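[1] My questions concern the predicted model and sequence given below.
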Amino acid sequence: MAKGLSMAAVALALVWAAPAEAAPACPPQIPGWERPAAATLDTGKVQPVYRHDRTVNDLSIGVLRRQGLTNVQTQLQLSVEVEIVPVPPQSACYRLKTVKGRWQIINIEVFIAFEHQPGSCSYTATRDHENQHVAVAQTTYDAHLPVVTAALTSAANRVRPFQSVRDDGTITNNLVKQLQAELAPTLAAYEAEIKRRNGDLDTPGSYREVASRCKVWPK
């Protein structure tokens, strides 16, 4: 069995530029102001940690008796830098300058029920099955790296300079929310692929195949 979780965190930064001397329209006549935001994505995944401190009852839900469980946590963090040019008396021009994303698998926990003694047939069979879920998490993540990178770059490029009533904190937060909203469909597709592939592993037929490997299973 497998389950996953996505989390998001945000960091903000503001960069001040000299007031524009031209008419109060965006973009001001500043070199580079029309350049799209520079977007980067840091990636990485941890190695699985195997645990043997939960019983079948601990891992089970209702009538579903789990012999093992794989828990995968994926985290997205966004850090943005915004350039601001004051436009008197109460407005400003805003430009998204950089977007730094960090999308990582931060935790892979594999639980083998305590009833399965290490080295036993049932322990090995259960661990082999859970390792298939680990492989699903890792390979699906790797396959989606270019997709998420492209989506982040595209989302950043669509944020053009704009003029608004001066409210730096709110506007910066709204820019982050806009980026998160644009990335949401891509991340949802990733989660759906994870769910589908894990579901292909957790079928009555696959459970029967795992059970058939060993003559003795703990009660």
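    Thanks, I have it.
[2] ok, T140 touching E193?
    Yes - counting by C-beta atoms under 8 Å, T140 touches E193, with 5.4 Å between them. Bear in mind the C-beta positions are built from the backbone N, C-alpha and C, glycine included.
[3] Looking at those two, which is more packed in?
    With neighbours defined as other C-beta atoms under 10 Å, T140 and E193 compare such that T140 has more, 21 against 15.
[4] what residues are up against that one?
    Shown in contact with T140 (C-beta atoms under 8 Å, 6 or more residues apart in numbering): 190, 193-194, 197.
[5] Let me know the pLDDT of it.
    Predicted confidence (pLDDT) for T140: 97.
[6] you'd agree it is in a helix?
    Yes - under DSSP: H, G, I helix; E, B strand; the rest coil, T140 sits within a helix.
[7] any idea how far it lies from K195?
    T140 sits 10 Å away from K195, taking C-beta to C-beta, to the nearest Å as the criterion.
[8] again, but for T153
    26 Å.
[9] So which of those two has more stuff around it?
    Applying other C-beta under 10 Å to T153 and K195 shows that T153 carries more neighbours, namely 18 against 15.
[10] and the gap between R35 and A184?
    26 Å.
[11] likewise D42?
    20 Å.
[12] ok, what's across the strand from the nearest residue to T40 once chain neighbours are set aside?
    Leaving aside its sequence neighbours, T40 sits nearest to K100 (C-beta to C-beta, 6 or more residues apart in numbering; 5.4 Å). Beta bridges link K100 to T40, S79, judged by DSSP bridges.
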